[in-house]
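In: Curious how this folds, go ahead:
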Amino acid sequence: MFVEIITIGDELLIGQVVDTNSAWMGKELNNVGFEVIRVTSVRDRENEILEAVDAAMKRVDIVLMTGGLGPTKDDITKYTLCKYFGTELVFSDMVFENIKRILANRITMNPLNKAQAMVPRDCTVINNRVGTASVSWFEKNSKVLVSMPGVPQEMKTNMSEEIIPRLCSRYKMGAIVHKTYTVKNYPESVLAITLTDWENQLPECIKLAYLPKSGIIRLRLTGRGNNEEEIKQIVLKEGAKLYDILGDNVLDENDSPLEEIVGSMLKERNLTLSTAESCTGGNIAARITSVPGCSVYFKGSVVAYSNEVKKGLLNVSEDTLNRFGAVSEEVVKEMLNGAMNSLKTDCAVAVSGIAGPDGGTAEKPVGTVWIAAAYGKTILTQKQEVDFGRELNVERATNNALLLLQKVLF
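Out: Got it, this is the predicted structure:
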């Protein structure tokens, strides 16, 4: 079954709010076999909402809408849907009781809150147990349109508890199986050429997607069919062939983030880790500590942005800084040893570079980053070059540091 998502709100189109709803909905719907073919964002304008709804209803079986259901004048979704479906708003005692429950002991009921109990007559109204805006479920010509609040937590609760179960009971879905393999050491085009023969012989029920990210590429195999176990076995069989072609460059087969992969390696070996960071500003430590249970192996980080901190806390010698500069292989090695000695860890990663947009020189242009990783006495270093902009320079350095750590642990 095909689904289209329509998100409503000026704030989405001017970048004031990022649309996280569509990504979450797409993932959850895909998990149960529904295929999202389009995501459309429109302003809070009646004609634009009507145009988007009419086009979507002609294209797909299911239309899911979020936004425009609040108590203020710019929230016009339910009025517009009444116009589209040729109905009117009526007062719902059920919804009003829910609003009173939600507002109890927090906000005194006012006319705007009460007006949220006005709902379209010719639809199924679903109470929102975590908010005051109800959900409207319309059916027309064997198609379904559902209008939900745009507040992410409210949308997620209603999708999980009400909408997805209802859709699954209404439509008989085939099986869908995903398996994602993380590959290192390959540019996307080189990987595609390497996998040409394998990709060409994939069964019709299997589709391959390349998902590149700084330093790694995720290969997602998606199998579709009526027999879930049969599809699963086909996906696993094809995935196993990747190891024969790529060997140790297949980093993971569970779509795990790099910080989780290296965290598991550290945990399994009972090793401890510290980081010494300059241009990444603690981003490596933030990624590592995003993994639950990381306190077992991660001891801490020194964010040594200035040379004074590099010297004072990481024992980088002034002579090394003067001779080679802060952005150098020699300095990151000393930062590495300083972190391991100060924080008493078995392993460490260190980074120093020029993230930009300024600060570069002819010898060391913006984008130059030196990275080091150590396990005991074994030290590996890597020089990152090419400027992709400050944010991406930091992200690439973070990923490369984690990959270098994985390599030294492997």
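In: Downstream of the helix or strand hosting Val262, the next helix or strand is which one?
Out: Using DSSP states H and E, Val262 sits within helix 258-269. As assigned by DSSP H and E, the chain's next helix or strand after helix 258-269 is strand 273-277.
In: Sort out which residues of the host helix or strand of Ala286 are buried, please.
Out: Counting by DSSP H and E, the element that carries Ala286 is helix 283-289. Neighbour-count burial for helix 283-289 flags 283-285, 287-289 (criterion: 16 or more other CB atoms under 10 Å). Yep, even glycine has a C-beta here, placed from its N, CA and C like the rest.
In: Domains in the chain, by residue range?
Out: The chain resolves into domains spanning 2-170, 175-252, 258-409 when parsed by automatic domain parsing.
In: Tell me who's in contact with the closest residue to Tyr171 other than its chain neighbours.
Out: In space, and not counting its chain neighbours, Tyr171 is closest to Met1: 5.1 Å by CB to CB, 6 or more residues apart in numbering. Met1 makes contact with 33-35, 61-62, 167, 171, 173 under the criterion CB atoms under 8 Å, 6 or more residues apart in numbering.
In: Quickly note the distance from Met1 to Met148.
Out: Computed as CB to CB, to the nearest Å, the Met1 to Met148 distance reads 18 Å.
In: those strands in the stretch 51-200 of the chain, which residues are they?
Out: 62-66, 89-91, 118-120, 124-126, 135-140, 143-148, 175-184 (DSSP state E, counting those that start in this stretch).
In: from those, which stretch is densest packed?
Out: Most buried of the strands of the stretch 51-200 of the chain by mean neighbour count (mean count of other CB atoms under 10 Å) is strand 62-66; its value is a mean of 26.
In: hmm, who's touching it?
Out: So strand 62-66 is contacted by 1-8, 21, 25, 34, 53, 56-57, 77, 143-150, 155, 163, 167 (CB under 8 Å, 6+ apart).
In: quick one: contacts for Glu28?
Out: 159-160, 164.
In: Which entries within the residues you listed meet the buried criterion?
Out: Neighbour counting by 16+ other CB under 10 Å classes 159, 164 among the contacts of Glu28 as buried.
In: is it possible to export the contacts of Glu28 to a markdown table including pLDDT and distance to Gly293?
Out: Listed next are those as a markdown table, based on pLDDT from 0 to 100; distance: CB to CB, whole Å:
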| residue | pLDDT | distance to Gly293 |
| --- | --- | --- |
| Met159 | 97 | 29 |
| Ser160 | 97 | 25 |
| Ile164 | 96 | 30 |
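In: Which ones among the contacts of Glu28 map onto helices?
Out: With DSSP state H as the criterion, helices contain Ile164 from among the contacts of Glu28.
In: Nearest to Asn105 among the contacts of Glu28?
Out: For the contacts of Glu28, the residue nearest Asn105 by CB to CB is Ser160; the value is 26.4 Å.
In: Work out for me the element the residue nearest to that closest one when sequence neighbours are not counted sits within.
Out: Of all residues not flanking Ser160 in the chain, Glu28 sits nearest, at 7.3 Å (CB to CB, 6+ apart). Glu28 is part of helix 21-31, with elements assigned from DSSP H and E.
In: Just the C-alpha atoms of the helix or strand following that helix, please, in CSV.
Out: Next along the chain after helix 21-31, taking DSSP H and E as the criterion, comes strand 35-42. Presented in CSV, the C-alpha positions along strand 35-42 are these (Å, rounded to 0.1, in the frame of the first residue of the first chain):
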residue,chain,number,x,y,z
GLU,A,35,5.6,2.3,1.3
VAL,A,36,5.8,6.1,1.6
ILE,A,37,6.2,7.4,-1.9
ARG,A,38,6.1,11.2,-1.3
VAL,A,39,6.4,13.8,1.4
THR,A,40,4.8,17.2,0.8
SER,A,41,5.2,20.3,3.0
VAL,A,42,2.8,23.2,2.6
